[in-house]
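Novice: sequence first, predicted model second:
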Amino acid sequence: MPDFTSHLYVFILAAFLGLEVIRRVSPLLHTPLMSLTNAISAISVIAAIELAGGAGERHTTLSIVLGTTAVAAASTNVIGGFMITDRMLKMFKKRKT
Amino acid sequence: MIALLASLDPGEQATFASAIGTATYVLAAVLFVLALKWLSSPATARRGNLAGEIGMAAAIIGALISYHILTYEWIIIGFAIGAILGVPMAVWMPMTAVPQRTALSHAFGALAAALVGTAHYYLELPEHSLTSVKMFFLCLEVLLGALTFTGSLMAFGKLQDLLPTRPLTYKNQNVYNFALLGSAVLCAVGLIFHPQWYALFPILLLLALVFGVLLIIPIGGADMPTVISLLNSYAGLSASMMGFVLSNKLLIIAGALDGASGLILSIIMCKAMNRSFANVLFGAFGQIQASAAAAEKKSVHATNAEEVAQILETAQKVVIIPGYGMAVAQAQHKVRELYDQLTRRGVEVKFAIHPVAGRMPGHMNVLLAEAEIPYDRLVEMDDINGDFQQTDVALVVGANDVVNPAARHDKSSPIYGMPIINADKAKTVVAIKRSMNPGFAGIDNELYTLDRTLMLFGDAKQVIGAVAKELADAR
């Protein structure tokens, strides 16, 4: 039986930490912020890997099909998300002196 | 390390592998928080992105080692598809298309969450391991994931002009929408108390998918910054709920960070429009106002590129106010030419950025940064509004509602109370516009009929190019 109470604590603490850290992000960078957090939440790819790989002998055709599709969808965000965030951040330059 | 692993017996190997998995997950959680912390300033932002990449790579390697993977072929195929889709979108896509790409990435993230939730329901159903608490989080994951998936696709369609950007409305729309959402919630409640009622699961999924479509189609293009932020938040929450279902704390943390980020951005966007979430979602803002047509036509002062060049040349302080029209016309590089010409003459040029200018948070900043305008020239609305009395020329490039003074005093205006950029306080206002058609809110802009306002009609890219050329030739 998973311990949902401790998960709830983790969720609440992470949400508050997120609110505090993200509040400080300059409005200048709100677009890269969105693409970076989107890439980070594509960490769900690890759950998809577990399904697509038939981990722990627990798999059906359905779970492999859904898992593989989920790996494709999430890894699109992982790969594309970090790349475009870096592409955007590279463009922000200070005035040449 | 492989030699070390081989020297252990199978039981020890499993323990060792799962310890590695846990260690990489903890490392990833720390790096994700640092990534967002470093994003606070442009000086450290790229380091932040790198931290995120390392965290992600570590967690994926950890997952591959610690789960008892039977076969890698499907994982590899999945990643290959992800690379084929993700890399071109990141490398070749023009910066003006960033809002569309963002909407699409919310759709992908939400799809992954909904699919994982669905797979786990059907995997665990015959195992009788679905408790009510687990079903609560699983239903929430699938509901949020599915509605965010179709909702984000609709937002993508509107941003890509595949769907009409005006709100699509019909009678009793909100009643139908709430009835649909209510039915989905009832299915979820049924499943929470009776997980074995498997017939309800596809119904829940279908209702959530349809609700996502209906939620977004009545929302207009100018509200996209709020909608994208809200969808961002939902996609994050859905991933977090997945963490509850799978007892994976890294998923809970990463999803919560994404959810928090989307929430903050939606609040900022709503405040910048002086509207509530409910009004954005259910208000169908941006329909053509019937009364607007009846307003009397006031005369405007039309001008040309030559005159604007002369006015700018003699100015000392110029503030440029970009809006969505600049993105549509792809005018940011011409704006940069104009900026160069003026700066060379010793004119002080700044940019006034309204939080909801464009189609997503920070849209204008990214476009102007792409055109290599230094970021210290990009000033937020609240920091620049006090400067307009000392500003010689306010140059409005494709912005409309965010500079409409009616927001300050006209109680009957749909945008009344919205914070605006004080362009009308400048000594001279030059507004670039394709025609006198009203802006997104469908209302007249009294800024254009002021005595000190000059209207420069034409495509923003062409006319700014013409002004910059006039200035270059005059030297």
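Specialist: Thanks, I have it. Numbering: from 1, shown residues only, chains lettered A, B, ... in the order given.

Novice: mind listing what the residue in the stretch 351-475 of chain B that chain A sits nearest to touches?
Specialist: Residue nearest to chain A within the stretch 351-475 of chain B: B:Gly362 (3.2 Å; Cβ to the nearest Cβ). (C-beta placed from N, C-alpha, C; glycine too.) The neighbourhood of B:Gly362, defined by Cβ atoms under 8 Å, 6 or more residues apart in numbering or on different chains, consists of A:Pro27, A:Leu28, A:Leu29, A:His30, A:Thr31, A:Pro32, A:Leu33, A:Met34.

Novice: now check the lengthiest helix in chain A, is it near chain B?
Specialist: If you go by DSSP state H, chain A has its longest helix at helix A:61-91. Yes - for helix A:61-91 and chain B, the contact criterion (Cβ under 8 Å from any Cβ of the partner chain) is met by A:62-64, A:66-91.

Novice: chain center to that helix: distance?
Specialist: 9 Å (Cα atoms, centre = their mean, to the nearest Å).

Novice: packing partners of it?
Specialist: helix A:30-41, helix A:45-52, helix B:45-66, helix B:73-91, helix B:98-124, helix B:363-370 (3 or more Cβ pairs under 8 Å, 6 or more residues apart in numbering or on different chains; DSSP states H and E).

Novice: I'd like the average pLDDT over it.
Specialist: For helix A:61-91, mean pLDDT rounds to 95.

Novice: and for stretch B:127-145?
Specialist: pLDDT averaged over stretch B:127-145 gives 94.

Novice: could you do stretch B:221-229 as well?
Specialist: On average, stretch B:221-229 scores 90.

Novice: can it be found next to chain A?
Specialist: Yes - on the criterion Cβ under 8 Å from any Cβ, stretch B:221-229 is in touch with chain A at B:Ile228, B:Ser229.

Novice: name the residues that touch that stretch?
Specialist: By Cβ under 8 Å, 6+ apart, the list of residues contacting stretch B:221-229 reads A:34, B:99, B:102-103, B:106, B:155, B:158-159, B:165-166, B:216, B:219, B:262-263, B:265-266, B:268-270, B:273, B:277, B:280, B:285-286, B:324, B:355-356, B:358-361, B:363, B:401, B:440-441.

Novice: same thing but at 6 Å, please
Specialist: Residues outside stretch B:221-229 that contact it (Cβ atoms under 6 Å, 6 or more residues apart in numbering or on different chains): B:102, B:155, B:165, B:219, B:262, B:265-266, B:269-270, B:280, B:285-286, B:356, B:359-361, B:440.

Novice: before we move on, the earlier item: now the two most distant members of the contacts of B:Gly362.
Specialist: Pairwise distances across the contacts of B:Gly362 peak at 13.0 Å for A:Leu28 and A:Met34 (criterion: Cβ to Cβ).

Novice: okay, the two: which has more neighbours?
Specialist: Neighbour count, other Cβ atoms under 10 Å in any protein chain shown: between A:Leu28 and A:Met34, A:Met34 has more, with 27 against 24.

Novice: residues contacting the more buried one?
Specialist: By Cβ under 6 Å, 6+ apart, the neighbours of A:Met34 are B:Thr102, B:Asn232.

Novice: make it 7 Å
Specialist: B:Thr102, B:Asn232, B:Leu265, B:Met360, B:Pro361 (Cβ atoms under 7 Å, 6 or more residues apart in numbering or on different chains).

Novice: the stretch 301-450 of chain B: strands as residue ranges?
Specialist: Remark: strands assigned in the stretch 301-450 of chain B by DSSP state E, counting those that start in this stretch are B:301-302, B:317-322, B:348-353, B:378-380, B:393-397, B:428-433.

Novice: and the end-to-end length of stretch B:119-135?
Specialist: End-to-end span of stretch B:119-135 (Cα to Cα, to the nearest Å): 13 Å.

Novice: contacts for it, please.
Specialist: Applying Cβ under 7 Å, 6+ apart, the set of residues contacting stretch B:119-135 is A:4, A:51, A:58, A:60, A:62-63, A:66-67, B:138, B:191-193, B:195, B:198, B:201, B:245.

Novice: give me that answer again for 8 Å
Specialist: Taking Cβ under 8 Å, 6+ apart as the rule, stretch B:119-135 contacts A:1-2, A:4, A:51, A:58-60, A:62-63, A:66-67, A:70, B:138, B:142, B:191-193, B:195-196, B:198, B:201, B:244-246.

Novice: can I have the buried ones of the residues you listed as a PyMOL selection?
Specialist: A single PyMOL command is used to select the members of the contacts of stretch B:119-135 judged buried by 16 or more other Cβ atoms under 10 Å in any protein chain shown:
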select buried, (chain A and resi 4+51+59+63+66+67+70) or (chain B and resi 138+142+191+192+195+201+244+245+246)
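
Novice: in helices, which of the contacts of stretch B:119-135 fall?
Specialist: A:4, A:51, A:62-63, A:66-67, A:70, B:138, B:142, B:191-193, B:201, B:244-246.

Novice: now A:Pro32: closest residue in space that isn't a chain neighbour?
Specialist: A:Met88 (4.7 Å; Cβ to Cβ, 6 or more residues apart in numbering or on different chains).

Novice: how many residues are close by that neighbour?
Specialist: For A:Met88, using other Cβ under 10 Å, the count is 25.

Novice: was I right about it contacting B:Leu368?
Specialist: No - counting by Cβ atoms under 8 Å, A:Met88 does not reach B:Leu368; the two are 11.9 Å apart.

Novice: list the contacts of the most centrally placed residue in chain A.
Specialist: In chain A, the C-alpha nearest the mean C-alpha coordinate belongs to A:Ser41, at 1.8 Å (Cα atoms, centre = their mean). Listed by Cβ under 8 Å, 6+ apart, the contact set of A:Ser41 reads A:Asn77, B:Gly109, B:Ala235, B:Gly236, B:Ala239, B:Ala254, B:Gly255, B:Leu257, B:Asp258.

Novice: which residues touch the residue of the stretch 151-300 of chain B found nearest chain A?
Specialist: Proximity of the stretch 151-300 of chain B to chain A (Cβ to the nearest Cβ) peaks at B:Ala260, 3.2 Å away. By Cβ under 8 Å, 6+ apart, the residues touching B:Ala260 are A:Ala14, A:Ala15, A:Phe16, A:Gly18, A:Leu19, A:Ile22, B:Ser233, B:Gly236.
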